[in-house]
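Asker: Pasting the sequence and the predicted coordinates here, then a few questions.
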Amino acid sequence: MNLTSQQEKLALEIAHKLKDMKSIEWHRKMVSMYSESYLREQLQNALTLPDEKVKVSRGAIYNKLVQSNGGSRY
């Protein structure tokens with residue numbers, strides 16, 4: 001997968017914020033498929049969810065939000 005430097009930076013930023021570096025390849029795939037604004041919106045939604053609502057991980061919540069909300073694809 002050939003990402004632009006901006007896409008690579010975004011994938012790394014998202015993975016770091018979610019403490020989810022083990023899923024970096026998935027994050028790279030998502031930045032190649034979805035718009036930056038959509039991914040940032042879903043990241044914000046996952047990060048602002050109250051701790052008591054997080055049952056697995058914020059990374060899992062983010063994953064579900066990205067895939068279920070059908071955001072802007074390139």
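Answerer: Good, I have the coordinates. Residues are numbered from 1 along each chain as shown.
Asker: residues near the closest residue to Glu36 other than its chain neighbours, how many?
Answerer: The shortest distance from Glu36 to any non-neighbouring residue, by C-beta to C-beta, 6 or more residues apart in numbering, is to Leu10 (5.9 Å). From N, CA and C alone the C-beta is placed, and that goes for glycine too. By other C-beta atoms under 10 Å, the residues close to Leu10 number 20.
Asker: what's the answer for Leu12, then?
Answerer: 15.
Asker: my read is it is in a strand, agree?
Answerer: No. According to DSSP: H, G, I helix; E, B strand; the rest coil, Leu12 belongs to no strand; its state is helix.
Asker: That one against Ile24, yeah?
Answerer: Yes. With contacts defined as C-beta atoms under 8 Å, Leu12 counts as touching Ile24 at a distance of 7.2 Å.
Asker: Just the residues contacting the helix or strand of the chain with the lowest mean pLDDT, thanks.
Answerer: Every helix and strand of the chain was ranked by mean pLDDT, DSSP states H and E. The lowest is helix 58-68, at a mean of 92. Residues outside helix 58-68 that contact it (C-beta atoms under 8 Å, 6 or more residues apart in numbering) are 14, 18-20, 23, 26, 30, 34, 38-39, 42-43, 45-47, 49, 54.
Asker: Please repeat the previous calculation with a cut-off of 7 Å.
Answerer: 18, 20, 23, 30, 34, 39, 42-43, 45-47, 49, 54 (C-beta atoms under 7 Å, 6 or more residues apart in numbering).
Asker: In helices, which of those fall?
Answerer: Among the contacts of helix 58-68, the members falling in helices (DSSP state H) are Met30, Leu39, Gln42, Leu43, Asn45, Ala46, Leu47.
Asker: Which pLDDT does the model give the residue of the chain most remote from its centre?
Answerer: What lies farthest from the middle of the chain is Glu52; by C-alpha atoms, centre = their mean that is 20.5 Å. Per-residue confidence (pLDDT) for Glu52: 90.
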